[in-house]
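[1] Let me see the structure of the following:
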Amino acid sequence: MGAALALVGFIVYLVGWVMVVWLAFRDSVWWGLGCFFVPFVALYFVITHWDEAKKGFFTTLAGAVLIFAGAMATPTRPRPPVVVQPQQAQASIIPATTTHATFDAVTQQAPEPPPRPVRVEEPPQPMFSQVYADNKTKLYYPKDCANHPENAYLLAKSVAVSQGFKPAECK
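    Below is the predicted model of the structure:
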């Protein structure tokens, strides 16, 4: 019951606060920003603009009273006392361990190590053929061509083809 009352009080409080901030913004942007961000400016605004802001102030005050009443109505339950009861000793399922090595552990041979993994060589990756592309003429020249234009730039042949460049003869 108390939590529901506090929740209703919080909603009423927010409605009243929004009413005051709304009036402050209607008066001027500076009042609105001050009420929104600076503590106690809203209270000063309510005092100086009492005729317009009293309804929002009383709504906020009613919400605060409901929050306080909800907090007071929330029952506080004392923790139940912890009663320590002696427990009966139960036989352990796990056998008692020893701190010394057993005969079997000393005489047993070490297992063979696993075989080494077979190393597989990866096939060589294909090299992209590179070309010089000229933006002005939309032509591309082989990389080994010495007569490409100076403004050409190096890129993959597949990129040049996908961008619409046409092959040019190397002279």
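[2] give me the number of residues near G70?
    Using other Cβ atoms under 10 Å, G70 has 19 other residues around it. Using the backbone N, CA and C atoms, a C-beta is placed for each residue, glycine as well.
[3] What are the phi and psi values at A168?
    A168 adopts backbone torsions of phi -120, psi 150, taken as degrees, to the nearest 10.
[4] show me the contacts for it.
    If a contact means Cβ atoms under 8 Å, 6 or more residues apart in numbering, then A168 has D134, T137, L139, Y140, Y141 as its contacts.
[5] Looking at whatever helix or strand the fourth one lives in now, give me its mean pLDDT.
    In this case it means Y140. Using DSSP states H and E, Y140 falls within strand 139-142. Average pLDDT, strand 139-142: 91.
[6] Pull up the pairing partners for that strand, direction included.
    strand 130-134 (antiparallel), strand 166-167 (parallel) (DSSP bridges).
[7] List the buried residues in it.
    By neighbour count on 16 or more other Cβ atoms under 10 Å, the buried set for strand 139-142 is L139, Y140, Y141.
[8] State the helix or strand in which L66 lies.
    With DSSP H and E as criterion, L66 is part of helix 50-73.
[9] Name the nearest of the buried residues of strand 139-142 relative to A105.
    Y140 (73.2 Å; Cβ to Cβ).
[10] quick one on the thing from earlier: any idea which of the contacts of A168 is the one closest to P123?
    Looking across the contacts of A168 and measuring by Cβ to Cβ, the closest to P123 is Y140, at 28.3 Å.
[11] these two touch, right, that closest one and S162?
    No - look at Y140 against S162 with Cβ atoms under 8 Å: they stay out of range, at 11.4 Å.
[12] Domain-wise, how is this protein divided?
    2-73, 130-167 (automatic domain parsing).
[13] closest to E122 out of these?
    Per Cβ to Cβ, nearest to E122 of these: domain 130-167, 21.5 Å.
[14] Am I right that L155 sits in a strand?
    Yes - the assignment for L155 is a strand, going by DSSP: H, G, I helix; E, B strand; the rest coil.
[15] thinking it is in contact with Q130, fair?
    Yes - counting by Cβ under 8 Å, L155 touches Q130, with 6.8 Å between them.
[16] Return the helix or strand in the chain with minimum mean pLDDT.
    Lowest by mean pLDDT, DSSP states H and E among the helices and strands of the chain is helix 103-107, with a mean of 77.
[17] give the contact list for A73.
    Contacts for A73 were tallied using Cβ under 8 Å, 6+ apart; they are M1, G2, L5.
[18] And for G56?
    Each residue near G56 by Cβ under 8 Å, 6+ apart is listed here: G16, W17, V18, M19, V20, W22, L23, V46.
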